[in-house]
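Asker: with the input below, show me the fold.
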Amino acid sequence: MPAIGVVTFPGTLDDRDALRAVRIAGAEPVALWHADDDLRDVDAVILPGGFSYGDYLRAGAISRFAPIMERVVDAAKGGMPVLGICNGFQILTETHLLPGSMIKNAHRTFVCRDQPLRVDNNRTAWTTAYEQGQVITIPLKNQDGLYVADEKTLDELEAENRVVFRYGEGAEGGPAGFEDNPNGSYRGIAGITNKYGNVVGLMPHPEHAVEKGFGPDVRGEGTRTGVDGLGFFVSVMNSILD
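Answerer: Numbering: from 1, shown residues only. A predicted model of the protein is given here:
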């Protein structure tokens, strides 16, 4: 059985949800602590959401110096699958495992909603359970969710098919609500990957949509199933076992 570690930092909120999602998917959840320097032989790592170290200085800026992050960075560079969710995505940009940065939402307010996403790359370690172009709905909740990068970096991400999820502008033809860019992210980017497809970061929360009745359920017309986030955890299990 694959073992998937979930790191807890001071201020992390969604670590238990991520551990539960791993368990529901059929893998072994392993709790990892920010001050440790041992990954406990896990096969993949999740950096969950929250407000690590209170988001002082800059979201994720302090967490990058946590002892366990040195091990995570080394493991990621060695090919281990790593997923950063919300604050975890911010940490991945701070460690330069992923390019760009996250800043305050364009409207300067916290956003919390069920968010449709288009899967633009289903060939990463975390997305093989989805179809290319599939629209999924998972919760979004953040105040520092505006993804920014210079034009050269954005063009490289596009050319190398490293935009994994997209919302808002650039997502024409989606279902109702899909056209809205909830935080003003450049080119409607909701999630990206590194060049090798093992490191993925995204702002929305797949761990909150892994069980019917507890995720965004279908309400009449729409694409929501309540378990759209489960594919992340199934995908990485398949990637580990292949």
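
Asker: how about the helices in the chain?
Answerer: 15-25, 67-77, 87-94, 151-159, 230-241 (DSSP state H).

Asker: would you mark the buried spots in the last one?
Answerer: Residues 230, 231, 232, 233, 234, 235, 236, 237, 239, 240 are the ones in helix 230-241 that count as buried (16 or more other Cβ atoms under 10 Å). Backbone N, C-alpha and C define where each C-beta goes, glycine included.

Asker: so the last one is in contact with residue 43, correct?
Answerer: Yes. The pair residue 240 and residue 43 qualifies as a contact (Cβ atoms under 8 Å) at a distance of 4.7 Å.

Asker: tell me, what's touching those two both at once?
Answerer: 2, 81 (Cβ atoms under 8 Å, 6 or more residues apart in numbering).

Asker: and residue 139, what does it touch?
Answerer: 112, 113, 114, 115, 204, 205, 208, 209, 215, 216.

Asker: among those residues, which ones are buried?
Answerer: Judged by 16+ other Cβ under 10 Å, buried ones among the contacts of residue 139: 114, 115, 204, 205, 208, 209, 215, 216.

Asker: for the second one, which non-adjacent residue is closest in space?
Answerer: For residue 115, the nearest residue in space outside its immediate sequence neighbours is residue 140; the separation is 3.8 Å by Cβ to Cβ, 6 or more residues apart in numbering.

Asker: so who does the one you found touch?
Answerer: 111, 112, 113, 114, 115, 182, 203, 204, 205.

Asker: just to check, the third one is in contact with residue 182?
Answerer: Yes. At 6.5 Å, residue 113 counts as touching residue 182 under the criterion of Cβ under 8 Å.

Asker: roughly how far out does stretch 142-158 sit from the chain middle?
Answerer: 15 Å (Cα atoms, centre = their mean, to the nearest Å).

Asker: hang on, I meant stretch 112-124
Answerer: For stretch 112-124, the distance to the chain centre is 10 Å (Cα atoms, centre = their mean).

Asker: re the thing from before, identify, from the contacts of residue 139, the entry nearest to residue 149.
Answerer: residue 204 (18.6 Å; Cβ to Cβ).

Asker: from residue 216, how far out is the closest one?
Answerer: 10 Å (Cβ to Cβ, to the nearest Å).
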